[in-house]
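Colleague: When you get a sec, could you give me coordinates for this:
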Amino acid sequence: MNKIERNKKTMERFQTCINTCDKNLAEELIDAKAEFASLISDEKLYGGAGYLSVVEFMRKSFSDIHWEIVDTAVEENKVAVSWICSGTHDGEFMNFPPSGKKFSFSCMNFYYFNDDGKIIKDVAAQGMMGLFQSLGLK
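Modeller: Numbers count the residues shown, from 1 in each chain. Coordinates of the predicted model:
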């Protein structure tokens with residue numbers, strides 16, 4: 001399997017990983033040294049456990065949150081993913097009380113891979129703005 005096919009398959013598995021919070025799959029797909037910036041921590045988060053800590057944070061506010069890949073552009077060491085993120089605001093989120101509102105928004109992320117085919121970087125093109133706009137939060 002070439003790198004492009006491998007990276008596309010990795011992103012399909014990554015979608016499963018974040019929708020199930022599968023720690024073993026996260027450790028398999030994300031390099032342990034990969035660092036991620038997040039709204040939930042002033043310090044960098046590392047590896048699969050660090051990445052899933054953000055997902056788990058989101059689940060506290062949106063218990064049914066779900067990410068679905070809409071489209072990908074795949075290169076040998078980079079994948080651009082267009083996502084649809086949906087769920088229900090059923091827990092406090094950044095000091096906003098639960099509203100019960102359902103949301104759905106599009107976002108784009110760029111994932112970078114090392115030579116072993118593990119994710120080493122995730123850059124969000126839109127970030128949390130889609131969520132805030134979808135829920136009417138300011």
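Colleague: Just to check, residue 12 is in contact with residue 69?
Modeller: Yes - taking C-beta atoms under 8 Å as the definition, residue 12 is a contact partner of residue 69 at 7.2 Å. C-beta here means a position set from N, CA and C on the backbone, and glycine is covered the same way.
Colleague: ok, the two, which is more surrounded?
Modeller: Neighbour comparison, residue 12 and residue 69: the larger count goes to residue 69, with 15 against 12 (by other C-beta atoms under 10 Å).
Colleague: residues in contact with that one?
Modeller: Contact partners of residue 69, counting by C-beta atoms under 8 Å, 6 or more residues apart in numbering, are 11, 12, 15, 81, 82, 83.
Colleague: can I assume the last one is in contact with residue 111?
Modeller: So that's residue 83. No - contact between residue 83 and residue 111 fails when scored by C-beta under 8 Å: they sit 11.2 Å apart.
Colleague: Would you state the strands of the protein in chain order?
Modeller: In the chain, the strands defined using DSSP state E lie at 35-38, 41-46, 66-74, 78-88, 102-113, 119-124.
Colleague: Residue 22 is nearest to which of the ones you listed?
Modeller: With C-beta to C-beta as the measure, strand 66-74 is the member of these nearest residue 22 (13.3 Å).
Colleague: List the buried residues for the closest one?
Modeller: The neighbour-count criterion (16 or more other C-beta atoms under 10 Å) identifies 67, 74 as the buried residues of strand 66-74.
Colleague: now that strand against strand 78-88, angle please.
Modeller: Strand 66-74 and strand 78-88 are oriented at 160 degrees to each other (axes from the mean of the first three to the mean of the last three C-alpha atoms, to 10 degrees).
Colleague: Sheet-wise, list the partners of strand 66-74 with their directions.
Modeller: Taking DSSP bridges as the criterion, strand 66-74 pairs within the sheet with strand 78-88 (antiparallel).
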